[in-house]
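A.B. asks: mind looking at a prediction? Sequence and model below.
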Amino acid sequence: MRKATPIKISVPSPCTQNWAGMPQVNNTRFCDKCKHVIHDFTQMNDDELFRFMKQSPVIPCGRFHKEQLGREILPKHKKPAIFNKINKIAATLITIFSLKASSVLSLSKNTEQLLHMHQHKKEKIPPA
């Protein structure tokens, strides 16, 4: 699996237009001054932001949080589905074996107690 190349977002010349004053178009705004569609990235996590930027044919204009700027952004590393299945199977097997082991120990303790009680009963009965 190829490792993703991180992206780093910078806004050298931030827009001075009022975000709230821009007309809303679906999930974006439109800037009448520069005539660009402006995306609101402030609600996106790193994974969503990375995928949006990688899929966009042009560098989009957008609104960002300070925390989203000037740092490397990578998508979340997803394990292949086979690992998820293996983890589930392993967890199931561990649970089954631990339950069996605890029931065997419990049965073993109960058997010891019964044998111990049986031996005490034998000792209390006088020989005939």
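C.D. replies: Everything's here; your move. Just so we're clear, the structure is a prediction, and the values are computed from it rather than from any experiment.
A.B. asks: so for stretch 13-20, what's the average pLDDT?
C.D. replies: Mean pLDDT, stretch 13-20: 90.
A.B. asks: change the start of the numbering to 13 and stick with it
C.D. replies: From this message on, residue numbering opens at 13, which makes the last subject stretch 25-32.
A.B. asks: list the buried ones in it?
C.D. replies: For stretch 25-32, a neighbour-count test (16 or more other Cβ atoms under 10 Å) marks Cys27 as buried. Quick note: C-beta positions are derived from backbone N, CA and C, even for glycine.
A.B. asks: got a list of contacts for it?
C.D. replies: Arg41, Cys43, Asp44, Lys45, Cys46, Ile50, Cys73, Arg75 (Cβ atoms under 8 Å, 6 or more residues apart in numbering).
A.B. asks: now these: which count as buried?
C.D. replies: Arg41, Cys43, Ile50, Arg75.
A.B. asks: for the strand or helix carrying the first one, packing partners?
C.D. replies: Here Arg41, judged by DSSP states H and E, is contained in strand 40-43. Based on contacts counted as 3 or more Cβ pairs under 8 Å, 6 or more residues apart in numbering; DSSP states H and E, the elements that strand 40-43 packs against are strand 48-52.
A.B. asks: please redo it, this time with the cut-off set to 10 Å
C.D. replies: In terms of contacts (3 or more Cβ pairs under 10 Å, 6 or more residues apart in numbering; DSSP states H and E), strand 40-43 is packed against strand 48-52, strand 73-75.
A.B. asks: which stretch among these comes nearest Ser22?
C.D. replies: strand 73-75 (11.9 Å; Cβ to Cβ).
A.B. asks: parallel or antiparallel, which strands does the closest one pair with?
C.D. replies: strand 48-52 (parallel) (DSSP bridges).
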